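[1] everything below, folded, please.
(chains A and B)
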Amino acid sequence: MTAIHLENLVKRFGAFTALKTMDLEIRDGEFMALLGPSGCGKSTTMNMIAGMEQPSEGRITFDGRDMNGVAMGRRGVGFVFQNYAIFTHMNVYDNLAYGLKVRGTPASEIDRRVKAMADFLQLTPMLDKPSAKLSVNILQRLAIGRSAIVEPAIFLLDEPLSNVDAAFRAVMRTELKHLQRQFRQTMVYVTHDQLEAMTMADRIAVMDHGVLQQVGTPLEVYNDPVNLFVADFIGSPGMNLLKGVLADSDRGLVADLGALGITAPIDPALSATARKHGIREVVYGFRPERVVLAGAGQGIAMPVTFIERIGARTVVHFGDGEQRVKAVFDNDVAVQTGETVHVAVEPGFARLFDAATGVAIREV
Amino acid sequence: MSMLATEEKISVTGDLSTTGTRIEDGGRRLGLMLTLPAQLLVLFIAVFPLLMQLYISLTDWSPLDGIGWWQAYELWNNFANYTDLAVDSRFWDALGRTALVMLICVPAEFLLGLGLAILFMDNFAGKRVFYSIMLIPMMVVPAVAGYMFFMLFQSGGPVNDIISTLIGRPFALAWLSSPGTALIAVMIADIWQWTPLMFLILLAGLVGVPEDQMRAATLLGASWSQRFRTIVMPKMKTIIIIALSIRVIENFKIFDTLYIMTGGGPGVATETISVYIYKVTQQDLIWGYVAAIALVILIALSILVSLAISRMNAAKEA
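    Residues are numbered from 1 along each chain as shown, chains lettered A, B, ... in the order given. All right, here's what the predicted structure looks like:
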């Protein structure tokens, strides 16, 4: 149980800067997901926490202790690799016992703790089996058990589910979250899959191009993205983002979306911020799940270009070119391809971004 | 369409089990016919010479006798070659010397090669250049290497010059003509020439050790020597056995470089099995005896190699 603090962390590989700057506080016992597309610097960050890479600048502290120069074997970090890195030439028992053996733990205690861990992770029937041919969910449990047996303060998981097929991933997610609750260790979880981050993490750190974009609970990141990248990256499909210009009307400030028409009045608090900073060019954002059909003459009018059935819901694509909108409806939605439909955003669910900087306009 | 119809007819009218047997028989015959040329070739190039060797080894035949080898039965000698061999002290001395060279050279080459391979796992300036330089000894023609070391170890040669400089007084040991040092010089030449092969094979093995497993071990607190013992060595077991087998077999046959350096001398001080066989063949011309020696050596080496292979298979299964 350890709090991790990353301060002004920078990592350069020659001329390439993998991590531009990173400040992050990971609380004691927290499940933090580092989420971002490949090349965003999330694995580099994780490797620096583990001590496999040394930061070019800045420092990492565990409970206030500076970790710079502390060898990776002495940090008390458990690491679950993407492919689990199980010692394939050993059986399950020897894999579990490894960390204790190299520390010179007495044989009787090793045996007791290995058996307890195997019991806890339901690995007891496989203890004598060679580890090379185990199925992937057993490998995951073994990898976690092998790290957990030496009681690390921190658990780092590097995309442990990326080699698993989609159907099985749901099972593994549940299992992993369950294990974390039982171990109560600080966990840092690297992933490019937002579903994994959303379902398991206490907080998510969204990263892109070596820059930390936003840190927050899954719902904070989903509901109130701080910039266009997070708005687009989080959610499936991502947030609808339409370019517009703010204009006064008799009902208050609205966004003029050009050919699409005028939006409903903007939240007074957001209007105040936009006015204060003199922002006119904006991006008007709203979640596909918050689109409702509107009566004729209301909302914005757009042609239906494509109807996508995804099972439980139906995704309707509107418009073409730059101004495109996706909406998620119930399957019985009465729209047809080619027809022009009026849609509106549920009150209170529109978001505004400064078009010049991409930063969200928020209440002050 | 017609194919389909035929198949249907078989499945309707024919008893399935007999159909199966007929197909299997046909397949076996076809298989035999297809592999027969290759089998005959193998028989001709491997088994036939072996049988011929066995046959000659039971006779006193020599090419000077003026009769063809197939008539060698006229010189049948009641296993005299084998009984002679059992008491041939020159043979046993040569065998002992060969074993001594092998027991010193192969471990030395292994340890040097392993050490160098470990160094080459790190990145350092000029690594590629050093890598190429490392492999040069292996590419030198053995005869040339023989002449190189012949000159290096002359009493006025560079080796003695270096030693004189180091110890600060004249040093003029005649390495190759002193019975005590000739074998040492020969072993140094062998180690020089064949350490690169060990290095190359072991480097390939080291590169193949999964890096993430090494990191996992490090994160679990294993020291360098613990990682080496518990991860690297078990992962490299197969490749180490292969490398050692190659060098044991090759070193057992040590001949070319050695023959040019010392010719097996002074006296018989550097006479290994290969040199002894060469001398018996070319100088004494008693070929029946040579065949017997070669056969004994072949059997001994085969036992060694099959032991190594069974160890390797055991390692693979573990």
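[2] what does chain A have sitting close to chain B?
    When proximity is defined as C-beta under 8 Å from any C-beta of the partner chain, chain A approaches chain B at A:50, A:52, A:72-74, A:77-79, A:81-83, A:85-90, A:98-99, A:101-103, A:146-147, A:150. From N, CA and C alone the C-beta is placed, and that goes for glycine too.
[3] quick one: low-confidence ranges for the stretch 151-300 of chain A?
    Within the stretch 151-300 of chain A, not a single segment meets pLDDT under 70.
[4] ranges for the helices of it?
    Secondary structure of the stretch 151-300 of chain A by DSSP state H, counting those that start in this stretch: the helices cover A:166-183, A:194-200, A:218-223, A:228-233, A:268-276.
[5] quick one: the helices in the stretch 51-200 of chain B?
    Assigned helices in the stretch 51-200 of chain B, in chain order: B:80-86, B:89-121, B:127-139, B:142-152, B:158-167, B:179-207 (criterion: DSSP H, counting those that start in this stretch).
[6] dump the shortest one to CSV, restricted to CA.
    To tie it back to what came earlier, the one meant is helix B:80-86. Coordinates of the C-alpha atoms in helix B:80-86 are reproduced here as CSV (Å, rounded to 0.1, in the frame of the first residue of the first chain):
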residue,chain,number,x,y,z
ALA,B,80,44.0,-59.8,-34.9
ASN,B,81,43.5,-56.1,-35.7
TYR,B,82,41.2,-55.7,-32.7
THR,B,83,43.4,-57.7,-30.3
ASP,B,84,46.5,-55.8,-31.5
LEU,B,85,44.6,-52.5,-30.9
ALA,B,86,43.8,-53.5,-27.4
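[7] thinking again about what came up before, can you lay out the helices of the stretch 51-200 of chain B as CSV showing mean pLDDT?
    Conversion of those to CSV gives the following (pLDDT from 0 to 100):
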stretch, mean pLDDT
helix B:80-86, 86
helix B:89-121, 93
helix B:127-139, 90
helix B:142-152, 91
helix B:158-167, 89
helix B:179-207, 93
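[8] go through those helices and pick out the most buried.
    helix B:179-207 (a mean of 20; mean count of other C-beta atoms under 10 Å in any protein chain shown).
[9] look up how far A:Thr61 lies from the residue nearest to A:Arg27 when sequence neighbours are not counted.
    Spatially, and ignoring its direct neighbours in sequence, A:Arg27 is nearest to A:Ala3 (5.6 Å; C-beta to C-beta, 6 or more residues apart in numbering or on different chains). Applying C-beta to C-beta, to the nearest Å, one obtains 8 Å for the distance of A:Ala3 from A:Thr61.
[10] now do A:Tyr222
    Distance of A:Tyr222 to A:Thr61, computed by C-beta to C-beta: 30 Å.
[11] ok, B:Leu135 next?
    The value you get for B:Leu135 to A:Thr61, if C-beta to C-beta is used, is 48 Å.
[12] quick one: pLDDT of A:Gly64?
    A:Gly64 is assigned a pLDDT of 86 by the prediction.
[13] ignoring the adjacent residues along the chain, who's closest to it?
    By the measure of C-beta to C-beta, 6+ apart, the closest residue to A:Gly64 outside its immediate chain neighbours is A:His5, 7.7 Å from it.
[14] and that neighbour, helix, strand or coil?
    A:His5 carries the three-state label strand when classified by DSSP: H, G, I helix; E, B strand; the rest coil.
[15] if we can go back for a sec, only the buried subset of the residues of chain A next to chain B, as a PyMOL command please.
    In PyMOL, the members of these classed as buried (16 or more other C-beta atoms under 10 Å in any protein chain shown) are selected with the following command:
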select buried, chain A and resi 50+52+72+73+77+78+79+81+83+85+86+87+88+89+90+98+99+101+102+146+147+150
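[16] circling back: neighbour count: A:Tyr222 and A:Thr61, which is higher?
    In terms of neighbours (other C-beta atoms under 10 Å in any protein chain shown), A:Tyr222 is the more surrounded of A:Tyr222 and A:Thr61; the figures are 19 against 15.
[17] residues in contact with the closest residue to that one other than its chain neighbours?
    In this structure, A:Tyr222 finds its nearest non-sequential neighbour in A:Ile234, 5.5 Å apart by C-beta to C-beta, 6+ apart. Remark: with contacts taken as C-beta atoms under 8 Å, 6 or more residues apart in numbering or on different chains, A:Ile234 is in contact with A:Gln194, A:Val206, A:Val221, A:Tyr222, A:Pro225.
[18] quick check, nearest of the residues you listed to chain B?
    Set against chain B, the nearest of the contacts of A:Ile234 by C-beta to the nearest C-beta is A:Gln194 (25.3 Å).
[19] the closest one touches A:Ser236, doesn't it?
    Yes: with contacts counted by C-beta atoms under 8 Å, A:Gln194 reaches A:Ser236, the gap being 7.1 Å.
[20] and the closest residue to A:Lys20 other than its chain neighbours, how close does it get to A:Leu253?
    Setting aside the residues directly before and after it, A:Lys20 is nearest to A:Gly210 in space (C-beta to C-beta, 6+ apart), at 4.2 Å. A:Gly210 sits 36 Å away from A:Leu253 when distances are taken as C-beta to C-beta.
[21] more neighbours, the two?
    Under the neighbour definition other C-beta under 10 Å, A:Gly210 and A:Leu253 were set side by side, and A:Gly210 has more, 22 against 19.
[22] tell me the contacts of the more buried one?
    A:Lys11, A:Thr17, A:Ala18, A:Leu19, A:Lys20, A:Cys40, A:Gly41, A:Thr44.
[23] tell me the pLDDT of whatever residue of the stretch 101-250 of chain A ends up closest to chain B.
    Using C-beta to the nearest C-beta, A:Val102 is the residue of the stretch 101-250 of chain A that sits closest to chain B, at 4.1 Å. Per-residue confidence at A:Val102 stands at 90 (pLDDT).
[24] hang on, it packs against B:Phe228?
    No: with contact defined as C-beta under 8 Å, A:Val102 and B:Phe228 do not form a contacting pair (11.8 Å).
[25] phi and psi next, for the nearest residue to A:Ser147 once chain neighbours are set aside.
    On the basis of C-beta to C-beta, 6+ apart, the spatially nearest residue to A:Ser147 that is not a chain neighbour turns out to be A:Gly78, at 3.1 Å. For A:Gly78, the backbone dihedrals (degrees, to the nearest 10) come out as phi -100, psi 140.
[26] swap in the one 3 residues further on?
    Backbone geometry at A:Phe81, expressed as degrees, to the nearest 10, gives phi -80, psi 160.
[27] then B:Gly31?
    Per degrees, to the nearest 10, the backbone of B:Gly31 is at phi -60, psi -40.
[28] you'd agree A:Thr337 is in a strand?
    No: for A:Thr337, which was evaluated using three-state DSSP, the result is coil, with no strand membership.
[29] local confidence estimate at it?
    Model confidence at A:Thr337 (pLDDT) stands at 87.
[30] please identify which helix or strand holds the residue lying closest to it once chain neighbours are set aside.
    Distance criterion C-beta to C-beta, 6+ apart; nearest residue to A:Thr337, sequence neighbours excluded, is A:Val304 at 5.4 Å. Under the assignment given by DSSP states H and E, the secondary-structure element containing A:Val304 is strand A:300-309.
[31] chain center to that strand, what's the gap?
    The chain centre lies 29 Å from the centre of strand A:300-309; the measure is C-alpha atoms, centre = their mean, to the nearest Å.
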